[in-house]
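*Asks:* Got a sequence here, can you build the structure:
(chains A and B)
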Amino acid sequence: MKNILFALLALLSLLACEKTIQLDLEQLDGVLIVEGSVNNQYQSQVVKLSKSRPFGSTGKAPVVSGAMVRVKDDANHEFRFVEKEPGLYVSEQAFAGVAGRTYTLLIEAEGKTYSASEKMNHIVDYDSLTYRLDEQEMKDPKDSARFYEVLLYVREPQETEDFYLFNFYRNGKLENDEGQTIYFSEDKLLNGRVDGLPFPIYYAAHDEAKIEILNISRNAYKFYSDLAANLDNDGGMFSGQPANVYTNLSGGARGYFLVAPVATGVLKLNE
Amino acid sequence: MKTIATLVVLTLSLGTIFAQNAGTAAKKQYTLSGYIKDAASAEELLYVNVWVEPLKSGVTSNTYGFYSLTLAPGTYRLTFSYLGYQSISKEINLDRDLELNIEMLSDAQTLQEVQISDKKADEAVREVAMSRLDVPIAQVKKLPALLGEPDIIKTIQTLPGVTSAGEGTSSFYVRGGAADQNLVLIDEAPVYDVSHLFGLFSVFNADILKSAELYKGGIPTKYGGRLSSLLEVSTKDGNARQLEAAGSVSTLAAKASLEGPIVKDKASFILAARRSYVDLIMKQIPDLKGTGVQFYDLNGKLNWKINNNNRFFLSAYAGRDIWKFNDDFEMDWGNKTTTFRWNHLFSERLFANTTLVYSDFDYTLEQNDALEGFRWDANQKEYSVKQDFTWFPSPKFTLQFGYQGTYRQFQPGDIQPNGDNTIFKPTKLQPRHALDQALYVGAEQKLSERLSMQYGLRFSLFQHLGPETIYTYANASDNVNYAITDSTHYKKGQVIASFANPEPRFAARYQLNASSSLKFSYNRMLQYIHLLSNSTVPIPFNTWSPSSPYLKPQKADQVAIGYFKNLDKNTWEFSAEAYYKASDNITEFADNANIFFNEHIATEFRQGKATSYGLELLLRRNVGDLRGFASYTLSKTDVTIPTVNNGQAFPANYDRRHSFNLSLTYDLSPRWSIGGNFTYATGRPITLPTGKYSFGNYEANLYSGRNGYRLPDFHRLDIAATFDPAKNKGRRWQNTWVFGIYNVYNRQNPFTIYTRTKQDDEGNVIGDGTEKEARLVYLFSVLPYVTWSFKF
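*Replies:* Below you'll find the model as predicted:
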């Protein structure tokens, strides 16, 4: 559906003009923004705390320091987090999230408490990656020398209802159209076989391609689909009315506490 | 099914009783009846005034051009008057039942020499109906139009009480109602999507239209099914006297029509086609190979008037938009309608109308790709039977009654993979079914010379039927964690949910003097089908849903009062109307609702209340060299939906406080006429961010309320000049040139505001990617156009 709206906007852009304007907007107090995750890798898990800020503001988000951050699971484990850099909290000890277990994030910051819970899913059965030269792209590459396509092979379990988030990397750098595109999917239309699905980005010879497939919850899918709608909204004309993104945090904070296993595929282009 | 049978039998037997009554009643009175038509084309004329002296009373012809008057024996002077036509007076000696068919000459046929007659249409003052506006089709063609394509919907958007979401859209909003609350009928068949090119143009080809009437309130009992308005569009019957061809070429589209007699004065046909040719131009551009946008409309109609007692009519419409992108993606959508009608006179006093209607809206999205290729189809169909009777026992009393039954099928989505190596599986949403029925009776009664009333009741019954599996949710209003606790399968035809409602309607007119009147109306409307759209302007990929266990019927009560005054011997019509409308169970959606291909869309529904009130002023001149109208609307619409905007009231998306329109045409000489539009409206409400936050390298907007801001005001001036080469006058071959300019003073009218990461003109992100900017989109700069049309 998003493609269609893009096509429509492309047509309108033939007729339409646009200009940047200054908005006279209400200024509200910042709310706590949480970006936390627990995955299935044995590592220090990370929680970032920051604040929302006025729409027209410049610079990075103000961080929230001095908070107390903990994660508990439903098997009586508790993991304490320490502030490694201002606003960046990491677990004191490395730990890996276990499939089937529910993790709860507890935050005490600036005199208020916040929490979020999510259950860890089973990992997706990642198969392999290949690559090939895209002749059409080679004729007219958007970025010179980048005309290799990397293809994904994966089996999607049909007996469960699954939701996925994809992260694509080029030489270790996350590529998401500079924060403007999110790659996520549900499985209700999939038949289980993904044989050679091209990555949405092109690679140059000798690049390292990496994909992360996160098997996320229905709630996390809602968060990412809302986030995509929030980023793409046309002002409610043809798209839905602009609205806040779903959050699993209680206590008035926004953002998301993501508990999901990650499957990683890496391919070095040898040509 | 038993209920339907009972209703049908009841209606038919009522009809028979009236027929017998009419036939056997003692002949103390006689009936004068007939059809009124255009002298040149034999086209039936609707709502013609028939004035009876010395009774000082009158009737109007119905939507089929039929009138009937039952009077005591005697001598009467009848005056037939109709806007844009020469009035006809006839002395009648009524000593038996008389059939009197009238043919009227239009001003145009008399080369506009006749302008003044003693009886001008004072119908606006005299009729009981209020809140009803006719769209002058002939004038619409002289008014400036976007890309030279005259469009009645664009004119409707300028009428008092009607607002639009912005230019370049075909949605209209009547008295605070949503876009899906308008029943749009073409020859009695509903049209579900009236837009081409996402609303730049409507599906109505102005060349084939005979009339268009918009009811904003005081809706007759015969109609129901939508909360806010009824737009009844009728197409021409086809010239029953001589063969006529017409065509036109505009900046956007070409049109052609052919009409003529099959049997002179008895049977006629009309065929019309319209096609845009943007795609033909695009084909010439190598970069756009395989990309094209086009739409077409086909209208056809057959009429067979055996005699005054039996007339048959078959009308069909099909239109489609087809969009192609790079040969690998295609989307298309359109409506198909068919109407078969039989008008039958059981007696001079009992007019019957039997109609069968089929209407279909569908869309397809198709992607060609080995892996990600698919074809997505969605459609909805309806089959209706209507049996309407009008009984004319006396000039003081008219009774309308009848039955309507509609069977509806909804296919909200069916996805089939079409690639060799596809990742998709065939997936289909459950089709849905409903039976929609209504019985109605409505009377129009003249209580005294001053006071007339219309009153009646419509009783509607809506049944959501199987086959379908209905889920039970632990929390149906949680669109994330709804938790299915149970499911029930209903068999084909089994009733899943049933809704029955009486819909009372009332209207009264009190004549203050010969040129002014006061009017009042009340109506209750029910709407049982809901458009699944959470945008301001619906897109063609929105489907409809029947009322169901999770979706209550929408209900509205409206009262309106009006003052109507004609000035300077009916040259000017003035009206002032005030209304108040309260609606219940208005269908809205959760924030960020997923309305596409969602099997559990029931969890996205949010229903609430809307209140709307306003004042509408209209000054209109329909005769002479200068014609047109000025309208002003003051209105307010608030919506309260639990869980949306924290349950607080917010202005509806299309709420506009002030709206002013001036629309004029002026005949400078027999060869030249000019037309102009000026439109002003308060900007529409919009939701703007009150903050932003970072998540990863994404910058999300933070909102604190719905529709808390407004776009800047909208205003625009358009002008057009129509040139009729004089040498053509009187000849069969006629041609016309229209030259126009849209948005004369190049106002950058806001269409919407969206936000994005701060970028330069090439789309490169400026700075660290955390800065955002607001962009104002405006559509049409100054746009000149030319249209050439011909007729022979």
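*Asks:* so B:Thr60 makes contact with B:Glu123?
*Replies:* Yes. Using CB atoms under 8 Å, B:Thr60 is in contact with B:Glu123, at 6.9 Å. No exception for glycine: its C-beta is placed from N, CA and C like everyone else's.
*Asks:* which neighbours do the two share?
*Replies:* The overlap between the contact sets of B:Thr60 and B:Glu123 (CB atoms under 8 Å, 6 or more residues apart in numbering or on different chains) consists of B:47, B:49.
*Asks:* In the stretch 101-250 of chain A, mark out all the strands, start to finish.
*Replies:* Ranges of strands within the stretch 101-250 of chain A are A:102-109, A:112-119, A:125-133, A:148-155, A:163-170, A:173-174, A:183-186, A:193-198, A:208-216, based on DSSP state E, counting those that start in this stretch.
*Asks:* Could you tell me the least trusted of the ones you listed?
*Replies:* Mean pLDDT is lowest for strand A:125-133 among those, at a mean of 85.
*Asks:* Now do that strand: everything it contacts.
*Replies:* Identification of contacts with strand A:125-133 by CB under 8 Å, 6+ apart yields A:147-155, A:157, A:196, A:203, A:209, A:211, A:213, A:263-267, A:269.
*Asks:* same deal with stretch A:81-95?
*Replies:* A:42-50, A:63-67, A:69-71, A:77, A:79-80.
*Asks:* redo that, cut-off 10 Å
*Replies:* By CB atoms under 10 Å, 6 or more residues apart in numbering or on different chains, the surrounding residues in contact with stretch A:81-95 are A:33, A:35-36, A:38, A:41-51, A:60-71, A:73, A:77, A:79-80, A:103, A:105-107.
*Asks:* Which ones among the residues you listed lie within strands?
*Replies:* Among the contacts of stretch A:81-95, the members found in strands (DSSP state E) are A:33, A:35-36, A:38, A:46-51, A:68-71, A:73, A:79-80, A:103, A:105-107.
*Asks:* Just the buried subset of the contacts of stretch A:81-95, please.
*Replies:* Neighbour counting by 16 or more other CB atoms under 10 Å in any protein chain shown classes A:33, A:35-36, A:38, A:44-51, A:61, A:63-64, A:67, A:69-71, A:73, A:79, A:103, A:105-107 among the contacts of stretch A:81-95 as buried.
*Asks:* so how far is whichever helix or strand B:Gln387 is part of from its chain's centroid?
*Replies:* Here B:Gln387 sits within strand B:374-394, counting by DSSP states H and E. Put simply, strand B:374-394 sits 15 Å off its chain's centre (CA atoms, centre = their mean, to the nearest Å).
*Asks:* List the buried residues of it.
*Replies:* B:374-376, B:378-380, B:382, B:384-394.
*Asks:* who's in contact with the closest residue to B:Gly683 other than its chain neighbours?
*Replies:* In this structure, B:Gly683 finds its nearest non-sequential neighbour in B:Leu711, 3.5 Å apart by CB to CB, 6 or more residues apart in numbering or on different chains. B:Leu711 is in contact with A:235, B:166, B:681-686, B:688, B:749-753, B:776, counting by CB under 10 Å, 6+ apart.
*Asks:* repeat that with 6 Å
*Replies:* Shown in contact with B:Leu711 (CB atoms under 6 Å, 6 or more residues apart in numbering or on different chains): B:683-684, B:686, B:750.
*Asks:* Same check on B:Arg606?
*Replies:* If you count contacts by CB under 6 Å, 6+ apart, then B:Arg606 has B:588-590, B:641, B:643-644 around it.
*Asks:* Run me through the strand neighbours of the helix or strand harbouring it, direction for each.
*Replies:* Taking DSSP H and E as the criterion, the element that holds B:Arg606 is strand B:605-621. The strands beside strand B:605-621 in its sheet (DSSP bridges) come out as strand B:572-589 (antiparallel), strand B:626-640 (antiparallel).
*Asks:* would you say B:Gln139 is within a strand?
*Replies:* No. Under the criterion used here (DSSP: H, G, I helix; E, B strand; the rest coil), B:Gln139 is helix, not part of a strand.
*Asks:* gap between it and B:Tyr666?
*Replies:* Distance, B:Gln139 to B:Tyr666, by CB to CB, to the nearest Å: 11 Å.
*Asks:* higher neighbour count, the two?
*Replies:* Per other CB atoms under 10 Å in any protein chain shown, whichever of B:Gln139 and B:Tyr666 has more neighbours is B:Gln139, with 19 against 15.
*Asks:* Count the neighbours of the closest residue to B:Gly217 other than its chain neighbours for me.
*Replies:* Among residues not flanking B:Gly217 along the chain, B:Ser131 sits closest, at 3.6 Å (CB to CB, 6+ apart). When neighbours are defined as other CB under 10 Å, B:Ser131 has 26 of them.
*Asks:* Done for today, thanks.
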